[in-house]
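A.B. asks: For reference, the sequence and a predicted model appear below.
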Amino acid sequence: MSSNGRVHGNVTIRIDLAAIRHNMARVRAASKSKVLAIIRADAFGHGVQRILPALADADALGVSSVNDALVLRRGGEQRTIVALHGFKSGSELNDCLNHSLTPVIHNREQLEMLKGRQLPNLNCWVQFDTGCGWMGLRSAQAALVYRKLNGAGVSVECIMTKLEAAHRSNDISTDRQLRIFRSLQWKAPVHRSAANSAALLTRVDSHFDWVRPGLMLYGASPFSSDARSAFSASDNERRPGDAAEDFFGLQPAMRVTAPVVAIREFQTGERIGGTGVEPLRKPTRVAFARAGYADGYPQIPPGQGSVMLGNRSCAILAQVTMELLAIDVTSLTVPPPIDFPVTLWGHAQLRVDDVAELAKVDPHELLCRIRGTRTWTDAPTGINVRDISNHRVV
């Protein structure tokens, strides 16, 4: 990106550290529990090494693998680092011991690796499946698991579970899972953790000793629009602080833009993209933006998606192609100039969760798979939204 804010090349992914810091503060405001900040998958596509300063207030960091944890430790990170997938070999177990990493123990094979050993320097978390049908030891085996870990001298800092449906409003499975988790007996003092982003925001009874925010740190909502409406109807006192925030006060940390590469006028009856789409019912001005499914933008059905040009919403007219989006800019008084940055998501009026819902995927997927040139700033999210009428930054 050049100094005047114009985009050159293809997709640009702008990561705002100020937004991540703001969202971390929202976590603190929502819960008094300790915070394990989830930064797996390269911090959901935000660049883990670059965004760590914005998560300075987190008590610990959660990554996928022992190898990911090693990279952070060798890079100078001193906080507790929890490897959520745990160790899968003796070598990785030794890495945990030698570098003070905290693996999650979630299967019998890991317990077998500990058999016959004395590991008083190993600190771990233990994951139990309370009905999610995912990784985790069976909750009915808690006493046996305790005996095996205690016999190996392992220090268990926390027991955890994964909630299946905290992102759905009025889903009784969350109540059932929490009931099982509370009843799980452990014969020594131990912390507990159940709350992901969705539960952190809506289920105070799930917070226990540790919360595990992931998606919300990056300003994306873990809820569908229907669920958000249900939650807002049941809690009229909670409102966002400004227009850049969603109902829960989160600010989008990733803004994805692509440049306009062509403008073309189409007449009534012509088809955008040839066959398979409806003929135009009126003269239409189309801007083509250099982004498509090759860049990780989803295949949203024609006529359902939209983008932002400045602060104006404009519809995507045709099928998303490999490298181009066809955008209806007829309503704009002034057509966008070539190279004008079109916002694909990350605007106050167009969040990644909105795009994900239209594409029928999770926001996590879009954040992780989008490709482009990443830049990092530490400024309010409203900066660098250019007004089309006079091409200035507003």
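C.D. replies: Received it, and whenever you're ready, just let me know what you need.
A.B. asks: can you list the domains in this protein?
C.D. replies: Using automatic domain parsing, the domains assigned to the chain come out as 17-232, 254-393.
A.B. asks: average pLDDT for the shortest one?
C.D. replies: Going back to what we said before, that points to domain 254-393. Mean pLDDT, domain 254-393: 89.
A.B. asks: returning to that earlier point: can I get the domains of the chain in CSV including distance to Asn10?
C.D. replies: Bear in mind the C-beta positions are built from the backbone N, C-alpha and C, glycine included. Below are the domains of the chain laid out as CSV (distance: least, Cβ to Cβ, whole Å):
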stretch, distance to Asn10
domain 17-232, 16
domain 254-393, 5
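A.B. asks: Val11 is nearest to which of the ones you listed?
C.D. replies: domain 254-393 (3.0 Å; Cβ to Cβ).
A.B. asks: Could I get the full set of helices for the chain?
C.D. replies: Here the chain has its helices, by DSSP state H, at 17-30, 40-45, 48-51, 66-74, 90-98, 108-114, 142-151, 172-183, 197-202, 225-234, 352-359, 363-369.
A.B. asks: Point out the most buried one among these.
C.D. replies: Most buried of the helices of the chain, by mean neighbour count (mean count of other Cβ atoms under 10 Å): helix 197-202, with a mean of 25.
A.B. asks: can you give me the offset of it from its chain's centre?
C.D. replies: 13 Å (Cα atoms, centre = their mean, to the nearest Å).
A.B. asks: Residue numbering should commence at 778 henceforth.
C.D. replies: Noted, 778 is the first residue going forward, which turns the last one into helix 974-979.
A.B. asks: pLDDT on it, on average?
C.D. replies: So the average pLDDT for helix 974-979 ends up being 93.
A.B. asks: cool, stretch 841-859 as well?
C.D. replies: Here the average pLDDT along stretch 841-859 is 98.
A.B. asks: for that stretch, how far is the first residue from the last?
C.D. replies: Distance across stretch 841-859, first residue to last, is 8 Å (Cα to Cα, to the nearest Å).
A.B. asks: Kindly report the same for stretch 957-965.
C.D. replies: Start to finish, the residues bounding stretch 957-965 are 18 Å apart (Cα to Cα).
A.B. asks: Now find how far off-centre it is within its chain.
C.D. replies: Taking mean C-alpha positions (Cα atoms, centre = their mean), stretch 957-965 and its chain are 30 Å apart.
A.B. asks: go on, stretch 952-962?
C.D. replies: So, by Cα atoms, centre = their mean, the centroid of stretch 952-962 is 27 Å from its chain's centroid.
A.B. asks: ok, Asp1072 touching Glu1100?
C.D. replies: Yes - with contact defined as Cβ atoms under 8 Å, Asp1072 reaches Glu1100; the gap is 7.4 Å.
A.B. asks: shared neighbours, those two?
C.D. replies: Shared contacts of Asp1072 and Glu1100 (Cβ atoms under 8 Å, 6 or more residues apart in numbering): Asn787.
A.B. asks: ok, of the helices of the chain, where does mean pLDDT dip lowest?
C.D. replies: helix 1002-1011 (a mean of 56).
A.B. asks: what's the closest of the helices of the chain to Lys1059?
C.D. replies: Here helix 1129-1136 is closest among the helices of the chain (Cβ to Cβ), at 24.0 Å.
A.B. asks: could the helices of the chain be laid out in CSV, adding distance to Leu992?
C.D. replies: Output for the helices of the chain, formatted as CSV (distance: least, Cβ to Cβ, whole Å):
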stretch, distance to Leu992
helix 794-807, 10
helix 817-822, 7
helix 825-828, 14
helix 843-851, 18
helix 867-875, 27
helix 885-891, 27
helix 919-928, 29
helix 949-960, 17
helix 974-979, 5
helix 1002-1011, 13
helix 1129-1136, 9
helix 1140-1146, 6
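A.B. asks: Please tell me how far Ala942 sits from Asn973.
C.D. replies: 11 Å (Cβ to Cβ, to the nearest Å).
A.B. asks: out of the two, which sits in the more crowded spot?
C.D. replies: When neighbours are counted by other Cβ atoms under 10 Å, Ala942 and Asn973 differ, and Asn973 comes out ahead with 22 against 17.
A.B. asks: Surely the more buried one and Glu941 touch.
C.D. replies: No - using Cβ under 8 Å, Asn973 is not in contact with Glu941, being 10.2 Å away.
A.B. asks: what residues are up against Leu1144?
C.D. replies: Taking Cβ under 8 Å, 6+ apart, we find Leu1144 in contact with 821-823, 995, 997, 1031, 1129.
A.B. asks: Return the member of those residues nearest to Ser950.
C.D. replies: Each of the contacts of Leu1144 was checked against Ser950 using Cβ to Cβ; the closest is Ala997, at 22.6 Å.
A.B. asks: That closest one contacts Gly991, doesn't it?
C.D. replies: No - counting by Cβ under 8 Å, Ala997 does not reach Gly991; the two are 9.4 Å apart.
A.B. asks: shared neighbours of the two, which are they?
C.D. replies: His1141.
A.B. asks: With neighbour numbers in mind, choose between the two.
C.D. replies: Just comparing Ala997 and Gly991: by other Cβ under 10 Å the higher neighbour count belongs to Ala997, 29 against 22.
A.B. asks: The biggest strand by length in the chain pairs with which strands, and in what direction?
C.D. replies: Under DSSP state E, the strand in the chain containing the largest number of residues is strand 1031-1043. Partners of strand 1031-1043 in the sheet, by DSSP bridges, are strand 789-793 (antiparallel), strand 1061-1066 (antiparallel), strand 1118-1122 (antiparallel).
A.B. asks: now these in TSV, with distance to Glu854 and mean neighbour count?
C.D. replies: Shown next, in TSV, are the strands paired with strand 1031-1043 (distance: least, Cβ to Cβ, whole Å; neighbours: other Cβ atoms under 10 Å):
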stretch	distance to Glu854	mean neighbour count
strand 789-793	19	24
strand 1061-1066	38	22
strand 1118-1122	30	25
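A.B. asks: Any idea which of those strands gets closest to Ala1156?
C.D. replies: Closest to Ala1156 of the strands paired with strand 1031-1043, according to Cβ to Cβ: strand 789-793, at 6.7 Å.
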